[in-house]
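1. below: sequence and its predicted model.
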Number of protein chains: 2
Amino acid sequence: MKVALDVMGGDHGCGEVIAGAKMALAADARIETLFLVGRESEIRAAVSKEGLPESRVSIVDAREIITMEDKPATVIRRKKDSSLIRAVELVKERKADAVISTGNTGALLAASKIKLRMLPGVERPALATVMPSSRAQFILLDVGANPECQPIHLLQFALMGNVYSQHILACSSPRVGILSNGTEEMKGNDLTREAARLCRMSHLNFIGYVEGHDLFSDRVDVVVTDGFIGNLVLKACESLGKSVVTLLKREFTANPWTKLGAWISRNAFRNVRDRLDPDSYGGAPLLGLNGNVIKAHGSSNAHAIRHAIRVSAQSVACHINQVIQEQVALADEILKSSAQEDPIDLVSA
Amino acid sequence: MKVALDVMGGDHGCGEVIAGAKMALAADARIETLFLVGRESEIRAAVSKEGLPESRVSIVDAREIITMEDKPATVIRRKKDSSLIRAVELVKERKADAVISTGNTGALLAASKIKLRMLPGVERPALATVMPSSRAQFILLDVGANPECQPIHLLQFALMGNVYSQHILACSSPRVGILSNGTEEMKGNDLTREAARLCRMSHLNFIGYVEGHDLFSDRVDVVVTDGFIGNLVLKACESLGKSVVTLLKREFTANPWTKLGAWISRNAFRNVRDRLDPDSYGGAPLLGLNGNVIKAHGSSNAHAIRHAIRVSAQSVACHINQVIQEQVALADEILKSSAQEDPIDLVSA
């Protein structure tokens, strides 16, 4: 398979991204060609410095860089020769099977929607993120692609998250829940109530509403919400995680005793850090597009890039988009047939 | 001053609540009388076991208990002799200056709204919670009283949170922000955009939108959102906090070495735990009511009850409701006068 990597958008420069590319190539023989998209001279220097296997690397020159300040709406017309857009185009032209970018999320979303289009039957793409629970992990979506949603969008997010959980996170029968302000049926709002009704009719293993308390407690595998709330919850949790790490560091370096204790238990610290480290979870997939697109964090280090490439290869290998398309079509049929059986329900929908 | 304490609603039974009451009485001489509301025989046994000063305690018998399963809408008619309702009535009858309950949040909210009514000028009560940031703390509201809000409600939440931050958290000029999916003005939704416009016109130190990343980073002192989102964010953060503590415990008790390290640095652990401990923050005030009402967590231990009583006494001492009423009236005047100056603005509002 072939993977396109936008090497210019990250906070740490293209060297860090290319170091991650090297790790991914060494770990995954399925990747025949890795397209490195960006300023050729910079890439060439980093490739030779890192010693990447030249036979498996193809440099694609792109002169412009999309910054975090660029407006997604205009950037596609204005920065046609940017690494982000060139990388997405490689997927559009079927030269690459997947694309990964650390750049501007809005621009990646806009470029992917316009260049790749949606999968047949899917109405909106969803940005998904994988987070650690006490003992396992769960997928949360949408975390920012759609600030305003309709019930059918939440159902489709549930279907896509379910496929991702099964095929990428190896969860055999994911428990799917809709995020709400309480678990009772009377809770929620118009959007969540109607979305829950659709999910209940579908073939999903739908467990109803989940609330904030359920998120990290191993009670749910796929958590569905709109992009406004998902974005807030994701960022609030990231912020809390960082704040806890800062607090731990401050307290454990307060005096020689605490430092000694921290040194003796350094393995425990490392395990906690690794478990909470968003970099291990392979970036945020943009699901529902006619192509595999992964958004890696702007602050991704080599380790995070390596995992994002790993996940993109896995997505290609399991034909995730074909499965999503089938599952969406299946749910659509189930909904239509139950609407025929119960026409009153159709009216209330 | 006089404080009413519903001793029956907590998970740990009335003994734990009364142990907290004893600590609060010892720490705060301003409290002349503490009404202990609930089943008299149980309370009497706990009071004599804990050795509370009888001259400062008054037992109010109430036979019924509102459970977490009781429906807030009907409980006020059906359980008139419950500890929660009797305790709220003490404030209504001006026998007590404040009420604290660990019971059913919805029932406390409903009983307070019906029995105490709103402060003049305030449209909706808000449930607020104080959370730790890296170095200080911030107040988040509404965390569940109003799942659906209008812009004016968010403005009033901002005003009430501002007063709480100044008078209870000793923040001299609180930075007030509205929670959104990004800090740029074009972000947010219709609700947040109009609420931000109102806040900008008011006398608040309004810093605009804040996003999830800003919450725990000492960039904002008062975070305003609707009760649906606030509830989700609060519970997600509580869940993550618990999950991190579980993870730390598991890793640091994994083998003798990590246990030794944890023992040596036990002070650091204790400081981290205390800082993250929601029990230290004195319960969640219900702001905007014509009376001081504090919701303590159902799982509150004696330590948490003590802090909730401390905060209620502080609220009474600083006449927080009078200040809220004045601030809401002031903002109302400012809005009206700027609407007169700029009639076009009035139309768009």
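-> Sure thing, it's come through. Here the structure is a predicted model, which means the values were calculated and not measured.

2. give me the element residue A:236 is part of.
-> Counting by DSSP states H and E, the element that carries residue A:236 is helix A:227-252.

3. list the buried ones in that helix?
-> Under the neighbour-count criterion of 16 or more other C-beta atoms under 10 Å in any protein chain shown, helix A:227-252 has A:227-241, A:243-245, A:247-248, A:250-252 buried. Quick note: C-beta positions are derived from backbone N, CA and C, even for glycine.

4. which parts of the stretch 51-200 of chain A sit against chain B?
-> Proximity of the stretch 51-200 of chain A to chain B, by C-beta under 8 Å from any C-beta of the partner chain, involves residues A:132-134, A:144, A:147-148, A:179-182, A:187, A:189.

5. so which two of these are the farthest from each other?
-> Spatially, the most separated pair among those is A:134 and A:148, at 32.4 Å (C-beta to C-beta).

6. more neighbours, the two?
-> In terms of neighbours (other C-beta atoms under 10 Å in any protein chain shown), residue A:134 is the more surrounded of residue A:134 and residue A:148; the figures are 17 against 11.

7. ranges for the strands of the stretch 1-150 of chain A?
-> Counting by DSSP state E, counting those that start in this stretch, the stretch 1-150 of chain A forms strands over residues A:2-6, A:33-38, A:57-61, A:98-101, A:126-132, A:137-141, given from the N-terminal end onward.

8. hey, which of those is tucked in deepest?
-> Per-residue neighbour counts averaged over each of these give the maximum for strand A:98-101, namely a mean of 31 (mean count of other C-beta atoms under 10 Å in any protein chain shown).

9. show me what that one is packed up against.
-> Counting by 3 or more C-beta pairs under 8 Å, 6 or more residues apart in numbering or on different chains; DSSP states H and E, the packing neighbours recorded for strand A:98-101 are strand A:2-6, helix A:83-92, strand A:292-295, helix A:302-317.

10. how far off centre is that strand?
-> From the chain centre to the centre of strand A:98-101 is a distance of 11 Å (C-alpha atoms, centre = their mean, to the nearest Å).

11. quick one: strands adjacent to that strand?
-> Strand partners for strand A:98-101, identified by DSSP bridges, are recorded as strand A:2-6 (parallel), strand A:292-295 (parallel).

12. pick out the residue nearest the middle of chain A.
-> For chain A, the residue nearest the mean C-alpha position is residue A:284 (1.7 Å; C-alpha atoms, centre = their mean).

13. could you check how far that one is from residue A:320?
-> Using C-beta to C-beta, to the nearest Å, one gets 14 Å for the distance from residue A:284 to residue A:320.

14. avg pLDDT for the helix holding residue A:236?
-> The pLDDT scores in helix A:227-252 average 88.

15. with stretch A:35-44 instead?
-> The average pLDDT within stretch A:35-44 is 95.

16. next: stretch A:306-321.
-> Mean per-residue pLDDT for stretch A:306-321: 95.

17. can you tell me how far residue A:249 is from chain B?
-> The gap separating residue A:249 from chain B is 10 Å, by C-beta to the nearest C-beta, to the nearest Å.

18. now which of the residues of the stretch 51-200 of chain A next to chain B would you call buried?
-> When those are checked against 16+ other C-beta under 10 Å, the ones flagged as buried are A:132-134, A:144, A:147, A:179-182, A:187.

19. which pLDDT value goes with the closest residue to chain B within the stretch 1-150 of chain A?
-> The shortest separation between the stretch 1-150 of chain A and chain B is 4.9 Å, found at residue A:134 (distances taken as C-beta to the nearest C-beta). Reading off the confidence values, residue A:134 has pLDDT 77.

20. repeat that for residue A:348.
-> Residue-level confidence at residue A:348 comes out at 46, pLDDT.

21. repeat that for residue A:259.
-> Here the pLDDT value assigned to residue A:259 is 88.

22. for residue A:174, same thing?
-> Per-residue pLDDT puts residue A:174 at 97.

23. that one - how many residues pack around it?
-> A count of nearby residues for residue A:174, using other C-beta under 10 Å, gives 22.

24. what do you get for residue A:20?
-> By other C-beta under 10 Å, 29 other residues sit near residue A:20.

25. repeat for the one 3 residues further on
-> Here the neighbour count serves as a burial measure; for residue A:23 (other C-beta under 10 Å) it reads 17.

26. so who does it touch?
-> By C-beta atoms under 8 Å, 6 or more residues apart in numbering or on different chains, the contact list for residue A:23 reads A:302-303, A:305-306.

27. returning to what we had before: how close does the residue nearest to the centre of chain A sit to residue B:63?
-> Going from residue A:284 to residue B:63 by C-beta to C-beta gives 55 Å.

28. picking up where we left off before, the residue of the stretch 1-150 of chain A closest to chain B is in contact with residue B:243, isn't it?
-> Yes - under the criterion of C-beta atoms under 8 Å, residue A:134 makes contact with residue B:243 at 4.9 Å.

29. shared neighbours of the two, anything?
-> Counting by C-beta under 8 Å, 6+ apart, the common neighbours of residue A:134 and residue B:243 are A:216-217.

30. can you tell me the SS state at the residue in the stretch 51-200 of chain A that chain B sits nearest to?
-> Closest to chain B within the stretch 51-200 of chain A is residue A:181: 4.3 Å, counting by C-beta to the nearest C-beta. Counting by DSSP: H, G, I helix; E, B strand; the rest coil, the backbone at residue A:181 sits in coil.

31. pretty sure it sits against residue B:143.
-> No - if you go by C-beta under 8 Å, residue A:181 and residue B:143 don't touch, sitting 9.5 Å apart.

32. what touches both of those two?
-> For the pair residue A:181 and residue B:143, residues contacting each of them under the criterion C-beta under 8 Å, 6+ apart are B:227, B:231.

33. can you redo the strands of the stretch 1-150 of chain A as TSV with distance to residue A:77?
-> As requested, these are arranged in TSV below (distance: least, C-beta to C-beta, whole Å):
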stretch	distance to residue A:77
strand A:2-6	18
strand A:33-38	19
strand A:57-61	20
strand A:98-101	18
strand A:126-132	23
strand A:137-141	29
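
34. on that earlier part again, helices or strands up against the helix or strand following the helix holding residue A:236?
-> Note on helix A:227-252: by DSSP H and E, the next helix or strand toward the C-terminus is helix A:256-264. When contacts are defined as 3+ C-beta pairs under 8 Å, 6+ apart, helix A:256-264 packs onto helix A:227-252, helix B:256-264, helix B:266-276.
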